[in-house]
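In: Pasted the sequence and its predicted model underneath.
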Amino acid sequence: MEASQENTTPTDVLEIKVYVPINEITKRQQGMIDNAIDKHPKDRKYLSNTSHSKIFAPDKNRADEIIEYAKAQNWDVAFDKTAREITIRINSDDISDEESATSIEALKFLSEQGDIHLDAKEQEEQEEGEEKQESASAEDIVNPAQKTGFVKNNTEKRVGNGYTVPIQESAHGHSAIEIADAYNFPEGDGAKQTIGIIELGGKFEQSDLETYFETYDLEVPEIQVVGKPATTPINDNVEVTADIQVLGVLVPKAKLVVYYGTSILSAMKTALADTKNNLTVISISWAGSELGYSQQEILELNNVFYEAALKGITVLGASGDNGAFNNKTYANVNVPVNFKHVLGCGGTKLEIYEERIIAETVWNESTRQAQIGTGGGFSQRVAEAGYQAKAIQQYLERYPQFEPYHKAGGTGIPDVAANAADATGYAILFEGNWAKIGGTSLATPLWAALIARMNQNLGYRLGFINQHLYALMNSEAFHQITEGNNNLYLASEGWNPCTGLGSPDGKKLMEAINALD
């Protein structure tokens, strides 16, 4: 459930969401999964829409148990099979007086701490000495066992601050084309590529797109919109417009599909269920501190990003624009970049002269009043992937003072980086005027366009490529960022929690990935 249930009264309607696991995977299906992810991208056979829908169909028996239990209590129940979610709505007046105290407290607990995930056996290991929960059941509704301590109170927001610097013409800011040229992107127009753009709010104006693309002698790209924005504050409108313009100018022949949702999870599930568009890349510039998600949500988010990888979709996310502390008093990182199957994009300040990079440092424009700069650090919720272990170990050996921040053994964020500074921002057209905008929410679609171009040139979908990128650490495929900080962590050679492996040399990166075994 998205809303908080604080100050519940006897007339409240409480909503409980139950995440349903998939059917047991057969040996044959496991072989299909292995072929879709374990090999080099050029040798993979990704899951088709049909195979994906069959393998990841909800377990009907587990779902029926919950549905029958809810109906027996005269509760309103709905089952979205595609999303694998059961929604139960309970009017507190329908709960008998003798049970009301226990039931109301149990329901409030579930709504606050993340509802129920029937795949509890797949969750992180319990605290030492605590008996591990093997599975969840209908009984958990009235006697919750999945007490993780993480209360669901996150408000996902657009990573960018929507702050624009008015400029008279596009030449007063960096065009995405200029930045891509500085990063030596391979040639390509994105033909036969389909890029999903996850949005939770904001809109774009067709007139802005027409003027913007006319400036570059391009037609407005093909854009499909799935769903509609819940809200349209001007800051989100700026960012949605920037997403489309950055992607559209770099891969003008790619199809862009905007997926609106009430959360990253819901929008991702909509994208995965889309059988009409053959997605190759998904760009996400929305985020929320991972500490504001329930363990059940973390588990389900991990599932959907894994499914995207199996379908051959490269998912990219923005690391955040508020430094290592992420607008809090302690270090923390964001969803979705804390997940293994998401390519986390951090930010740099890129200085260009005559189409050449003359300097590149960690993006940090913080003031005494505001934390402004690239997000990054170590997850406290998701364990580091094996391919990251060497990179993180080398960084901590160089800077042992940061070992306490990795005591949970979490994922290191970000994986890569690109220009994100307001001072060296991207030129976009918004509400009929040129403006300059920065943020990791711009670095993310830039990287998404690079992936699309590489897919086009290589003739195969890269899909989940994080492990291959880490195999290229310290190579010429990346411009390593060795100067700057994000208000806590320091830049360094190799990988660092500010700019990851660095910014790309697009052509060298493409050639290096193709040459890997």
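Out: Looks like it came in fine.
In: who does residue 378 bridge with?
Out: residue 412 (DSSP bridges).
In: Equivalent analysis for residue 417, please.
Out: Applying DSSP bridges to residue 417 gives these bridge partners: residue 346.
In: how distant is the lengthiest helix in the chain from the center of its chain?
Out: In the chain, taking DSSP state H as the definition, the longest helix is helix 440-458. Between the centre of helix 440-458 and the centre of its chain there are 15 Å (C-alpha atoms, centre = their mean, to the nearest Å).
In: elements contacting it?
Out: Where contact means 3 or more C-beta pairs under 8 Å, 6 or more residues apart in numbering; DSSP states H and E, helix 440-458 is packed against helix 176-182, strand 194-199, helix 234-250, strand 281-284, strand 314-318, strand 343-353, strand 416-419, helix 506-515. Placement of C-beta: from N, CA and C, glycine included.
In: Could you list the buried residues of the helix or strand just after that helix?
Out: Per DSSP states H and E, the first helix or strand lying C-terminal to helix 440-458 is helix 466-470. Neighbour counts over helix 466-470 (16 or more other C-beta atoms under 10 Å) mark 466, 468-470 as buried.
In: could those go into TSV alongside distance to residue 205?
Out: Output for the buried residues of helix 466-470, formatted as TSV (distance: C-beta to C-beta, whole Å):
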residue	distance to residue 205
466	36
468	39
469	36
470	40
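In: ok, which stretches of the stretch 251-400 of the chain are strands?
Out: Taking DSSP state E, counting those that start in this stretch as the test, the strands found in the stretch 251-400 of the chain are 255-260, 281-284, 286-289, 314-318, 334-335, 343-353, 356-362, 377-383.
In: Out of the helices and strands packed on helix 440-458, the one nearest residue 404 is which?
Out: Among the helices and strands packed on helix 440-458, strand 343-353 comes nearest to residue 404, with 21.4 Å by C-beta to C-beta.
In: Helix 440-458 and the closest one, what's the angle between them?
Out: 90 degrees (axes from the mean of the first three to the mean of the last three C-alpha atoms, to 10 degrees).
In: So that it lines up with my notes, have the first residue be 805 from now on.
Out: Let's use 805 as the start, then, which means that last one is strand 1147-1157.
In: From the contact counts, what lies against strand 1147-1157?
Out: By 3+ C-beta pairs under 8 Å, 6+ apart, strand 1147-1157 packs against helix 980-986, strand 1118-1122, strand 1160-1166, strand 1220-1223, helix 1244-1262.
In: Sheet partners, orientation included, of the second one?
Out: When sheet partners are counted by DSSP bridges, strand 1118-1122 sits next to strand 1085-1088 (parallel), strand 1147-1157 (parallel).
In: What number of residues are in the vicinity of residue 1027?
Out: Neighbours of residue 1027 under the rule other C-beta atoms under 10 Å: 16.
In: correct me, but it touches residue 1058?
Out: No - with contact defined as C-beta atoms under 8 Å, residue 1027 does not count as touching residue 1058 (10.3 Å).
In: which residues in the protein form helices?
Out: Using DSSP H, the helices found in the chain span residues 831-841, 853-859, 864-876, 901-917, 943-946, 980-986, 1010-1019, 1038-1054, 1068-1076, 1099-1114, 1193-1202, 1244-1262, 1270-1274, 1310-1319.
In: hey, which of the ones you listed is tucked in deepest?
Out: Among these, helix 1244-1262 has the highest mean neighbour count (mean count of other C-beta atoms under 10 Å), at a mean of 27.
In: now it: mean pLDDT?
Out: In this model, helix 1244-1262 carries a mean pLDDT of 98.
In: swap in stretch 1066-1084?
Out: Mean predicted confidence for stretch 1066-1084 is 96.
In: And for stretch 833-841?
Out: Mean predicted confidence for stretch 833-841 is 97.
In: Contacts for that stretch, please.
Out: 829, 848-851, 855, 858-859, 1113-1116, 1267-1268 (C-beta atoms under 8 Å, 6 or more residues apart in numbering).
In: Flag the shaky bits of the stretch 855-1004 of the chain, pLDDT-wise.
Out: Across the stretch 855-1004 of the chain, the ranges flagged by pLDDT under 70 are 896-919, 924-959, 964-967.
In: Using TSV, please lay out the helices of the chain together with distance to residue 1124.
Out: Listed next are these as TSV, based on distance: least, C-beta to C-beta, whole Å:
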stretch	distance to residue 1124
helix 831-841	27
helix 853-859	30
helix 864-876	36
helix 901-917	24
helix 943-946	33
helix 980-986	20
helix 1010-1019	26
helix 1038-1054	13
helix 1068-1076	13
helix 1099-1114	16
helix 1193-1202	19
helix 1244-1262	6
helix 1270-1274	18
helix 1310-1319	24
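In: Which of those sits closest to residue 1082?
Out: Nearest of the helices of the chain (C-beta to C-beta): helix 853-859, 8.1 Å.
In: Just the C-alpha atoms of that closest one, please, in PDB.
Out: C-alpha atoms of helix 853-859 as PDB (Å, rounded to 0.1, in the frame of the first residue of the first chain):
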ATOM      1  CA  ASN A 853       7.500 -12.400 -23.800                       C
ATOM      2  CA  THR A 854       5.800 -15.800 -23.900                       C
ATOM      3  CA  SER A 855       8.500 -17.600 -22.000                       C
ATOM      4  CA  HIS A 856       8.700 -14.800 -19.500                       C
ATOM      5  CA  SER A 857       5.000 -14.800 -18.800                       C
ATOM      6  CA  LYS A 858       4.900 -18.600 -18.300                       C
ATOM      7  CA  ILE A 859       8.000 -18.800 -16.100                       C
END
